[in-house]
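Colleague: Using only what follows, build the 3D model:
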Amino acid sequence: MGCWSRSADPALVVFEGGRAAGYWEKRLQQVRRAAVQDLLARAGQAQCFDPVVLVTDDAEWGQALQAEAPGLVVWRTGATPFHFGRCLKDVVASLGLERVLYMGGGAAPLASPALLARLAAAGAVPEGAAPGRLVANNLYSADIVGFAPALAALESIDLPAEDNILAWRLHQQAGLPVAPAPDSLALHLDIDTPAELAVLALAPQTGPCTRAALARWSELPLARYRQLMAAFQDEWAEVSIWGRVGSKTWGFLDRHTRCRLRVFSEERGMKALGRDASGQAVSFLGYLMDEIGPSAFFRRFGQASQVLAVDTRVLFAHRRLVLPTEERFLSDLGLWQEIRTPWLRDFTRAATEAPLPVLLGGHSLVAGGLPVLAAVAEGGEFVV
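Modeller: Numbers count the residues shown, from 1 in each chain. Below you'll find the model as predicted:
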């Protein structure tokens, strides 16, 4: 292996892999891989990363990408079961990387070469400053993390099994000071569920490989998303949002929409704090749904709003539901007829038959997707 320890540029390390078990998981994975192709192309245009590393368990796919971009370093994961932190440390140590910008495969599919260059610059240590540096798109639940010195920092923390808590541990346990990330909507949209695919289908900044993969998704409930965009620009409309909505997201929507907003923010940091896994997550709106049932719940919202967007993972955690990924995706798509879990089937049917459009997804829908849709609806250019 080569050593890039003397390079002034950070390494871009992209993780994309894992076994997709179900039909919808496999189809979503195809879009994520297309987004990785677009990301690697844009990283090449940015000309500020050395090296660019793809970490994957699919050697054939990695080799195909390497044939298109000979400078790409493909790192094959080998350990079973996969452990994110240990794998990242192996990559950093083996390649001798001093500065790293880590990105999950579905992270920032709208990021431009200019934004990637700004991310690289944000992670640079100013002359005369202490050696440590950390930049993340979300300190408490990140899928984009720039950090230095890379190996020393990783050796100072409890290596996380998943990426979302990496930034927090680098800050708390390694003591890396946090630098501000670039202010861009693109950093908060992550391809995690079918909901983000609907957003990408409506965003003009979506890359060519991703758009080609999306063309095969006739099942996306785009009409509901277009209704949301129209409501955003209607001064008489009310839009309700329920889930892990931060003040920054709320503030952006307040500035860039004409409608009135009803925001029900619950369980921010739920996953990073382990509240879903521990059974501590609770939802006040979830208690209301428990009492009156999904159909009556959505009827009530229909009396107060024209559109409702729901981060359903908060509700699932509130109900202590451990659902297969395939069933969660079916719910996001509104395909209630194919869902086997009785409560989830009834909930999804009630949402699709509600008297108002209901958008179902996860954290990335309410935190990243809605601001993108608002910006597109407004017709202005947003920084990517």
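
Colleague: contacting residues for the closest residue in space to Ala59 that isn't next to it in sequence?
Modeller: Leaving out its chain neighbours, the residue that sits closest to Ala59 by C-beta to C-beta, 6 or more residues apart in numbering is Arg76, at 5.4 Å. All C-beta atoms are positioned from the backbone trio N, CA, C, and that covers glycine. Listed by C-beta atoms under 8 Å, 6 or more residues apart in numbering, the contact set of Arg76 reads 56-57, 59, 62.

Colleague: Which residues does Arg76 form beta bridges with?
Modeller: Thr56 (DSSP bridges).

Colleague: can you tell me how far it sits from Val55?
Modeller: 8 Å (C-beta to C-beta, to the nearest Å).

Colleague: Ala117 reaches Phe49, doesn't it?
Modeller: No. Using C-beta atoms under 8 Å, Ala117 makes no contact with Phe49, being 9.1 Å away.

Colleague: more neighbours, those two?
Modeller: More crowded of Ala117 and Phe49, by other C-beta atoms under 10 Å: Phe49, with 25 against 18.

Colleague: Tell me the pLDDT of the more buried one.
Modeller: Phe49 carries a pLDDT value of 96.

Colleague: try Thr206
Modeller: Reported pLDDT for Thr206: 95.

Colleague: Excluding chain neighbours, what is closest to it?
Modeller: That would be Leu200: by C-beta to C-beta, 6+ apart, it lies 4.7 Å from Thr206.

Colleague: For whichever strand or helix holds that neighbour, name the packing helices and strands.
Modeller: Take DSSP states H and E as the rule and Leu200 turns out to sit in helix 194-202. Packed against helix 194-202, as judged by 3 or more C-beta pairs under 8 Å, 6 or more residues apart in numbering; DSSP states H and E, are the following elements: helix 23-46, helix 208-214, helix 222-232, helix 325-333, strand 358-361, helix 370-378.

Colleague: Give me the angle between that helix and helix 23-46.
Modeller: In terms of direction (axes from the mean of the first three to the mean of the last three C-alpha atoms, to 10 degrees), helix 194-202 departs from helix 23-46 by 50 degrees.

Colleague: how near is the closest residue in space to Pro160 that isn't next to it in sequence to Met229?
Modeller: Leaving aside its sequence neighbours, Pro160 sits nearest to Gly85 (C-beta to C-beta, 6+ apart; 4.7 Å). To Met229, Gly85 is 39 Å away according to C-beta to C-beta.
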